[in-house]
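Enquirer: Kindly generate the corresponding structure for this input.
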Amino acid sequence: MNSITDIFKRLNKNMHGDDAAAYTLPTDRELAAQYLLLYEMSLPFGLDLNNQINVDKSATRVTVTFKNSSTKEVREFTARAETWLNENAPAAMHAIGTSPTVMFAYISERNIRSMLLGTTTALILISLCLVLALRSVKLGLLSMVPNLASAVVTFGAWSLFVGEVGLASSVITATSLGLIVDATMHFLSKYMRARRSRGETPEDAIRYAFNTVGTALWTTTAIVVAGFGVLALSDFTVNAEMGLLTAFAVAAALVIDFVLLPPLLLAVERKQRRSDYVAQEAY
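Expert: Residues are numbered from 1 along each chain as shown. As a prediction, this is how the structure comes out:
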């Protein structure tokens, strides 16, 4: 905690031969006024105490410094402080806490909620577009699995190593969604071309997809990861977190598309074949 009283105590100690016992507030108002004048006159040109005491010397500022806190802890502390002030201080002192820290604490909360809603809506609309493009409700719904899995993996890893979601990391899913969906869309389009135009089996269709777009996907992903990875070296935390998380999300999306999507396609096709076989037997 820091306030103008710390200066008075230090000056009182200095004026008493640096006696530790004199590190107290002066008891005489005239002496306190002389200390204040002495200190203000000794300041370098252009400096004053207006950041700690107002011009007519009727009010002072108390600054309390906390350890690094999450946005949730900042919001809770602000609410407790405002409640205490309203219950214990005169009406003229009632105020709402404001600062860049408090401002960004509430911005982060609203941003996270908006991003969750917006990302969910975007995923639904993208899946509907894939249903129309691929002419398959089954594959359109299946595309949501790898797209959602990449976001889950990214934030799961972030929670293990960092533990909190800030302003930058809260927008990663929305900003990287287009890159994540891109790999899934290309893989599924080549798979469907092999199945419909070439009449290949599901296994051969997956091999065709890997042969036609596999190299292009991992090459593009490597370039994107390298580009966003440079931002992770930034000293500005917002840029560093955004770059690191975006690079990880894009890389995770490619791994999931290559590792998880083919087994899902085979499982769906096998289930479809069994259903067709049962229907034929019944017929």
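Enquirer: domain assignment for this protein?
Expert: Partitioning the chain according to automatic domain parsing yields domains covering residues 4-65, 136-282.
Enquirer: need those in JSON lines with mean pLDDT, mean neighbour count and distance to Ser127, can you?
Expert: C-beta: built from backbone N, CA, C; applies to glycine. Putting the domains of the chain into JSON lines (pLDDT from 0 to 100; neighbours: other CB atoms under 10 Å; distance: least, CB to CB, whole Å) gives the following:
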{"stretch": "domain 4-65", "mean pLDDT": "85", "mean neighbour count": "12", "distance to Ser127": "48"}
{"stretch": "domain 136-282", "mean pLDDT": "80", "mean neighbour count": "17", "distance to Ser127": "5"}
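Enquirer: remind me, longest helix of the protein?
Expert: For the chain, the helix reaching the highest residue count under DSSP state H is reported as helix 100-134.
Enquirer: Past it, which element shows up next along the chain?
Expert: Going down the chain from helix 100-134, the next helix or strand is helix 137-142, by DSSP states H and E.
Enquirer: For Leu116, which of the domains of the chain is the nearest?
Expert: Closest to Leu116 of the domains of the chain is domain 136-282 (CB to CB; 8.2 Å).
Enquirer: what about the helices in the stretch 151-283 of the chain?
Expert: According to DSSP state H, counting those that start in this stretch, the stretch 151-283 of the chain carries its helices in the segments 172-196, 202-209, 215-231, 237-259, 261-282.
Enquirer: ok, so what distance separates Thr5 from Arg61?
Expert: For Thr5, the distance to Arg61 under the criterion CB to CB, to the nearest Å works out to 11 Å.
Enquirer: again, but for Lys72
Expert: As judged by CB to CB, Lys72 and Arg61 stand 26 Å apart.
Enquirer: Asp48 versus Val148, what's the distance?
Expert: Careful, residue 148 is Leu; it's not Val. With distances taken as CB to CB, Leu148 is found 57 Å from Asp48.
Enquirer: and the host helix or strand of Thr5, what does it pack onto?
Expert: Thr5 belongs to helix 4-14 when assigned by DSSP H and E. If contacts are counted by 3 or more CB pairs under 8 Å, 6 or more residues apart in numbering; DSSP states H and E, helix 4-14 sits against helix 29-42.
Enquirer: Which is the succeeding secondary structure element to the helix it packs on?
Expert: For helix 29-42, the succeeding helix or strand toward the C-terminus, using DSSP H and E, is helix 71-88.
Enquirer: Which among the helices of the stretch 151-283 of the chain is found nearest to His94?
Expert: Using CB to CB as the criterion, the shortest distance between His94 and the helices of the stretch 151-283 of the chain is 33.2 Å, found for helix 237-259.
Enquirer: same for that closest one, what does it pack against?
Expert: Under the contact definition 3+ CB pairs under 8 Å, 6+ apart, helix 237-259 sits against helix 144-161, helix 172-196, helix 215-231.
Enquirer: just to revisit the earlier point, of all the domains of the chain, which lies closest to Trp84?
Expert: It's domain 4-65; of the domains of the chain, that one is closest to Trp84 (CB to CB) at 13.0 Å.
Enquirer: and that closest one, how far apart are its ends?
Expert: End-to-end distance for domain 4-65: 15 Å, by CA to CA, to the nearest Å.
Enquirer: same question, stretch 136-147
Expert: The separation between the terminal residues of stretch 136-147, taken as CA to CA, is 17 Å.
Enquirer: just stretch 193-207 next, same as before
Expert: When the termini of stretch 193-207 are compared using CA to CA, they are 12 Å apart.
Enquirer: Please enumerate residues in contact with that stretch?
Expert: Applying CB atoms under 8 Å, 6 or more residues apart in numbering, the external contacts of stretch 193-207 come out as Tyr191, Met192, Tyr208, Ala209, Pro262, Leu265, Leu266, Glu269, Arg270.
Enquirer: thinking again about what came up before, compare the domains of the chain and report which one is nearest to Ile107.
Expert: domain 136-282 (6.5 Å).
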